[in-house]
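Participant: Generate a structure from the sequence data that follows.
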Amino acid sequence: QVRLVESGGGLVQPGGSLRLSCAASGSIFGIVDMGWYRQTPGKQRELVAGFTSGGSTNYADSVKGRFTISRDNSKNLVTLQMNSLKPEDTAVYYCNAHIKPFSWSAVQNYRGQGTQVTVSS
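Facilitator: Below is the predicted model of the structure:
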């Protein structure tokens, strides 16, 4: 069984920084893509940053220049460094990945449990 385990998050003042990490574990034949989404009450979930199947990165316009996503393929780990945080970055952040558990299986979508990020003075 594939699991996405998130860490990081918490409360930070505006202008501060936080780092989120997401580690995929379990039966993993290959990771197609992996990234971070966020959601606030009453709003649609939005992509924050992620790695595409081709290895390139995508960022939401609202976080470009402030957030950086990186990965360690040897550990199936993705990290989101968030700098210059703003109150509007407050949300539950979810790690999401499309993973092929076995060589013979179809690609499946997995999501972490979510971690709260609150930016407030």
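Participant: CA atoms for contacts and neighbours, from now on please.
Facilitator: Will do.
Participant: Now do the most centrally placed residue in the chain against V78, distance only.
Facilitator: What sits nearest the mean C-alpha location of the chain, by CA atoms, centre = their mean, is W36, with 2.3 Å. Distance of W36 to V78, computed by CA to CA, to the nearest Å: 9 Å.
Participant: so which strand or helix has the residue nearest to the centre of the chain?
Facilitator: strand 30-39 (DSSP states H and E).
Participant: Which positions within that strand qualify as buried?
Facilitator: Within strand 30-39, the residues scored as buried using 16 or more other CA atoms under 10 Å are 31-39.
Participant: just stretch 18-32 next, same as before
Facilitator: Residues 18-24, 28, 31-32 are the ones in stretch 18-32 that count as buried (16+ other CA under 10 Å).
Participant: Just the closest of these to S103, please.
Facilitator: Taking CA to CA as the measure, S103 lies nearest I28 of the buried residues of stretch 18-32, at 9.0 Å.
Participant: What distance do you get for the closest one to V107?
Facilitator: 10 Å.
Participant: just E88 next, same as before
Facilitator: Distance from E88 to V107, counting by CA to CA: 33 Å.
Participant: Which one's more surrounded, those two?
Facilitator: Taking other CA atoms under 10 Å, E88 and V107 do not tie; V107 has more neighbours (17 against 12).
Participant: For that one, which non-adjacent residue is closest in space?
Facilitator: Spatial nearest neighbour of V107, chain neighbours left out: K100 (4.4 Å); criterion: CA to CA, 6 or more residues apart in numbering.
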